[in-house]
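Engineer: what's the 3D shape of this:
(one chain, ligands or ions: 2)
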Amino acid sequence: MSVEEARSEQTTYLKLRCESIPTNSEEAFNIPTIDISRSFSGHLPDRQAVAEEIHSASASFGFFYLASHGVSPTSCSKVLEQAEKFFKTLPLDKKELLHLRQSKFGSGWEPPQYTSFYGDVETKEAFNFTFEEDFDKTGGDGKWVNLDGSPDNGNMWPAEEDLPGFRGIIKDYYSELLELSRHLFRLFALSLSLPEDQFDSVTTHPGTMARMVYYPAAKNPKPLHASKDEEIGVGAHTDFECFTILLSSSCPGLEILNPHGRWVSVPPLAGTFVVNIGDFMMRWTNGLYKSTIHRVVNRSQEERYSVPFFTSINYDAIVETLPCCVSAENPTKYPPVRAGIYILERQNVTTKDGKGYMEK
Ligand SMILES: O=C(O)CCC(=O)C(=O)O
Ligand SMILES: [Fe+2]
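Structural biologist: Numbering: from 1, shown residues only. Ligands and ions are numbered 1, 2, ... in the order given. Below is the predicted model:
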């Protein structure tokens, strides 16, 4: 597929998604907070009770706050602190050495205004990374592959003397999130009345990219619903993978499209993560779980930092509608896709020049 074709497919896809949102409902759109402490219980009904809440949030909003998730507040504050150090103290020439054009799959430093979803050139600056063997406390199965099936992770790290502890803190955070994501996969399985280990075999060497993101303070702050938003941090999009676990600093900016086609702010809630459904989960569930359109606009004079963790499955696995979500009256809406290839195609159309991350 050419870049133009892929881009037009993406635009059409998002447009259709926006148009298919019903506008006749007037119900409130306050995303729920799900406290998952009971999900760590050895008692199945406790885990099922949490899974039911996940089902209801995923089938309606596609977003929820995750409370009592077990990731330590210290890990969260340390990784945000490293993000600030990276973006604010690492000199430009050192960032250039990590420029993602040197990596086939978008790992490394992404300068501001490098990407564009849906035509908006984005103000964000990012540092992207993916799975490495020592990020997985279980040891994994040693079969990790990148998007195209090759074994190269493409990660690039600043020199230890430039940012002491940077990689180590990311490693610790990533390992904790990987553990949490496997726990959530089991709850998602229960939420669909499937065996808890349904997703275990496709999460033995999960692709899972993550990133640190910096959104500069607004130069010309506009309220939500201003007629035109020029300072788009990340343009309207859906996440490609299974579900995203988002940590952010206390500065708001995340906005989601509600059923009336209006943007609603999802401000950070201290001690929680924001979790949202991505396209793989939508495809597995034949559209039952909503991969909701969202974006980031920093409307404040504070700087925003965030660390999204794009929970995925093994990139060499196939994502195919789950049999429990199809019937004669509700045939599958989505053909099977290979996880890595699907992401590659979606990712390739997001750069400003349309050349994609793959272009050297
Ligand atoms: O930074 C955020 O708050 C969310 C970013 C996001 O939606 C993404 O990177 O996919
Ligand atoms: Fe996103």
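
Engineer: would residue 177 count as being in a helix?
Structural biologist: Yes - when DSSP: H, G, I helix; E, B strand; the rest coil is applied, residue 177 is found to be in a helix.

Engineer: so it touches residue 246, yeah?
Structural biologist: No - at 10.5 Å, residue 177 does not count as touching residue 246 under the criterion of Cβ atoms under 8 Å. All C-beta atoms are positioned from the backbone trio N, CA, C, and that covers glycine.

Engineer: Identify the contacts common to the two.
Structural biologist: The contact sets of residue 177 and residue 246 overlap at residue 309 (Cβ atoms under 8 Å, 6 or more residues apart in numbering).

Engineer: who's in contact with residue 183?
Structural biologist: Applying Cβ under 8 Å, 6+ apart, we find residue 183 in contact with 39, 40, 70.

Engineer: for ligand 1, what are the nearby residues on the stretch 251-360 of the chain?
Structural biologist: 253, 254, 294, 296, 306, 308 (Cβ under 6 Å from any ligand atom).

Engineer: Let me see the contact set for the fourth one.
Structural biologist: To tie it back to what came earlier, the one meant is residue 296. For residue 296, counting by Cβ under 8 Å, 6+ apart, the contacting residues are 124, 213, 215, 232, 233, 234, 253, 254, 255, 304, 306.

Engineer: ok, now how distant is it from residue 263?
Structural biologist: 11 Å (Cβ to Cβ, to the nearest Å).

Engineer: Could you do residue 160 as well?
Structural biologist: In this structure, residue 160 lies at 41 Å from residue 263, with Cβ to Cβ as the measure.

Engineer: can you check residue 345 too?
Structural biologist: Distance of residue 345 to residue 263, given as Cβ to Cβ: 27 Å.

Engineer: hmm, back to that, which residues are common contacts for residue 296 and residue 263?
Structural biologist: Shared contacts of residue 296 and residue 263, counting by Cβ under 8 Å, 6+ apart, come down to residue 255.

Engineer: my guess is residue 132 meets residue 152, correct?
Structural biologist: No - with contact defined as Cβ under 8 Å, residue 132 does not reach residue 152; the gap is 11.2 Å.

Engineer: Would you pull up the residue in this protein closest to ligand 1?
Structural biologist: In the chain, the residue that lies nearest ligand 1 is residue 306 (3.4 Å; Cβ to the nearest ligand atom).

Engineer: Regarding residue 343, what is its secondary structure?
Structural biologist: helix.

Engineer: quick one: contacts for it?
Structural biologist: Neighbours of residue 343 in contact, by Cβ under 8 Å, 6+ apart: 147, 207, 240, 241, 312, 315.

Engineer: Which ones among these lie within strands?
Structural biologist: Residues of the contacts of residue 343 located in strands (DSSP state E): none.

Engineer: Select from those the one having the most neighbours.
Structural biologist: For the contacts of residue 343, the largest neighbour count, defined by other Cβ atoms under 10 Å, is 29 neighbours, found at residue 312.

Engineer: Pretty sure residue 55 sits in a helix.
Structural biologist: Yes - looking at residue 55 with three-state DSSP, it is inside a helix.

Engineer: Quick check on the contacts of residue 296: which are buried?
Structural biologist: Buried positions within the contacts of residue 296, assessed by neighbour count (16 or more other Cβ atoms under 10 Å), are 124, 213, 215, 232, 233, 234, 253, 254, 255, 304, 306.

Engineer: can you put these in JSON lines and add pLDDT and secondary structure?
Structural biologist: Shown next, in JSON lines, are the buried ones among the contacts of residue 296 (pLDDT from 0 to 100; DSSP: H, G, I helix; E, B strand; the rest coil):
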{"residue": "124", "pLDDT": "95", "secondary structure": "coil"}
{"residue": "213", "pLDDT": "98", "secondary structure": "strand"}
{"residue": "215", "pLDDT": "97", "secondary structure": "strand"}
{"residue": "232", "pLDDT": "90", "secondary structure": "coil"}
{"residue": "233", "pLDDT": "93", "secondary structure": "coil"}
{"residue": "234", "pLDDT": "91", "secondary structure": "strand"}
{"residue": "253", "pLDDT": "96", "secondary structure": "coil"}
{"residue": "254", "pLDDT": "97", "secondary structure": "strand"}
{"residue": "255", "pLDDT": "95", "secondary structure": "strand"}
{"residue": "304", "pLDDT": "98", "secondary structure": "strand"}
{"residue": "306", "pLDDT": "98", "secondary structure": "strand"}
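
Engineer: hmm, back to that, can you tell me which of the residues of the stretch 251-360 of the chain next to ligand 1 lies closest to residue 268?
Structural biologist: Closest approach to residue 268 among those (Cβ to Cβ): residue 254, at 7.9 Å.

Engineer: thought the closest one was touching residue 294?
Structural biologist: Yes - if you go by Cβ under 8 Å, residue 254 and residue 294 touch, sitting 6.4 Å apart.

Engineer: Thank you, goodbye.
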